[in-house]
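[1] Below are the sequence and a predicted model; questions follow.
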Amino acid sequence: MRLFSRVAAPLIATAAFSLSVPAWAQEISGPRDPATTPAGELNKNSVTIGLGGVYLPDYEGSNDYRFTAAPAGLAYIDGRTIALIGNRLSVDLIGDLRNPAWDFQAGPVAVVNMDRTAPSQIDDPRVRALGKIGAAVELGGYVGIAKVGVVTSPYDRLSIALSYRHDVTNVHDSAIWQPTINYFTPLSTKAAVGLFVTAERAGKGYARRYFSINPEQSIASTLPVYTARAGWKDWTAGAIGTYSITGNLVHGWKLVGSVNYSRMLNDFGDSPIVSQAGSRSQWLSALGIAYTF
């Protein structure tokens, strides 16, 4: 589930985009004349829940893939947003409704890193032999800014965010920085698409725990001894689409789909765990259903 958390960046990442369509639609309704707007339509609170199937690598850097289920949910309450995407939870604490053309975002973020916590689910025997890694709880925060009405229409949205997380469970005991750029646009009252680019920079402890190989592990796995250093770990680009099958984008059932490509970089991509047992190229796809009420 490590790769999945990478593409579920705080609120404005790919899956969060699809689920935050109701919040976006309510925010852009602000510039309309309240006298001609139905009561309760402006900045209406909403909740979206969803469940999807995700096809992702066995571990970060693997060339073997498996299916797993992932929950998703988003609550939009008085301009503030709480988003759960897979193993990532984020909360936007800035409920700024005064200027709907701009959205300033800041709040906490939490990720449960489950990478290689279940060796039995890893197909490659060499990586299985490296042993089990405990689940890491990464806590931190993020800041971001979004502009509505940028390129294609008065209703598209471009946003930039930066998040910081640190492991508080001493599994890798290091930090992860993640910048993200997203673009989102509606195609109709029933369909919308989004694009994003993100990257992660990981600390020394992360490189050592997940991508280094000590002499004992080398003997057990037959992979060579390797010491990975901190640095930029990967970049990811993806696209997401959502289509309403009942009602419209701000109410009812909708389908959500996403395809993402990641590339492992520097010492992380050069690690034998990736370069010999896996692949620098990583794919993730997801398809799910969600309901907004």
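    Looks like it arrived, so ask away. Numbers count the residues shown, from 1 in each chain.

[2] For the nearest residue in space to I245 that is not next to it in sequence, give its distance to I49.
    Setting aside the residues directly before and after it, I245 is nearest to W253 in space (C-beta to C-beta, 6 or more residues apart in numbering), at 5.0 Å. Yep, even glycine has a C-beta here, placed from its N, CA and C like the rest. Distance, W253 to I49, by C-beta to C-beta, to the nearest Å: 11 Å.

[3] Look up the residues that both of these two are in contact with.
    Among the neighbours of W253, those also in contact with I49 (C-beta atoms under 8 Å, 6 or more residues apart in numbering) are A290, Y291.

[4] confidence score at the residue nearest to I245?
    If you check W253, the pLDDT there is 94.

[5] so who does it touch?
    Under the criterion of C-beta under 8 Å, 6+ apart, the neighbours of W253 are S244, I245, T246, G247, I289, A290, Y291.

[6] What distance do you get for Y155 to A192?
    Going from Y155 to A192 by C-beta to C-beta gives 10 Å.

[7] Do a quick rundown of the helices in the stretch 51-200 of the chain.
    Along the stretch 51-200 of the chain, counting by DSSP state H, counting those that start in this stretch, helices occupy 125-128.

[8] which intervals of it have sub-threshold pLDDT?
    Counting by pLDDT under 70, the stretch 51-200 of the chain shows low-confidence ranges at 96-99.

[9] give me that answer again for 80
    Along the stretch 51-200 of the chain, segments meeting pLDDT under 80 span 79, 95-100, 153.

[10] Show me the strands in it, by range?
    Remark: strands assigned in the stretch 51-200 of the chain by DSSP state E, counting those that start in this stretch are 65-77, 80-85, 88-92, 102-113, 136-148, 157-167, 175-186, 191-202.

[11] Which of those strands sits closest to V127?
    Each of the strands of the stretch 51-200 of the chain has some distance to V127 by C-beta to C-beta; the shortest is strand 65-77, at 13.3 Å.

[12] and the residue nearest to I245, bridged to which residues?
    According to DSSP bridges, the partner residues bridging W253 are Y291.

[13] What of W177?
    Beta bridges link W177 to Y164, R201 when assigned by DSSP bridges.

[14] Any idea how many residues pack against it?
    For W177, the neighbour count with other C-beta atoms under 10 Å is 16.

[15] and what of T152?
    T152: 11 surrounding residues under other C-beta under 10 Å.

[16] That one and P119, how far apart?
    Look at T152 and P119: by C-beta to C-beta, they are 47 Å apart.

[17] what's the neighbour count on D78?
    8.

[18] my guess is it meets G95, correct?
    Yes. With contacts counted by C-beta atoms under 8 Å, D78 reaches G95, the gap being 5.2 Å.

[19] rewinding a little: higher neighbour count, Y155 and A192?
    Ranked by neighbour count (other C-beta under 10 Å), Y155 and A192 place A192 first, with 26 against 16.

[20] what sits opposite that one in the beta ladder?
    The partner list for A192 in beta bridges (DSSP bridges) reads P186, T242.

[21] So it is in contact with D156, correct?
    No. With contact defined as C-beta under 8 Å, A192 does not reach D156; the gap is 9.6 Å.

[22] what's the overlap in contacts for the two?
    Residues touching both A192 and D156 by C-beta under 8 Å, 6+ apart: F184, T185, P186.

[23] could I get those residues as TSV with neighbour count?
    Shown next, in TSV, are these (neighbours: other C-beta atoms under 10 Å):
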residue	neighbour count
F184	25
T185	16
P186	21
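
[24] Distance to I240 added to the strands of the stretch 51-200 of the chain, as a markdown table?
    Formatted as a markdown table, these follow (distance: least, C-beta to C-beta, whole Å):
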| stretch | distance to I240 |
| --- | --- |
| strand 65-77 | 12 |
| strand 80-85 | 11 |
| strand 88-92 | 15 |
| strand 102-113 | 18 |
| strand 136-148 | 16 |
| strand 157-167 | 13 |
| strand 175-186 | 9 |
| strand 191-202 | 5 |
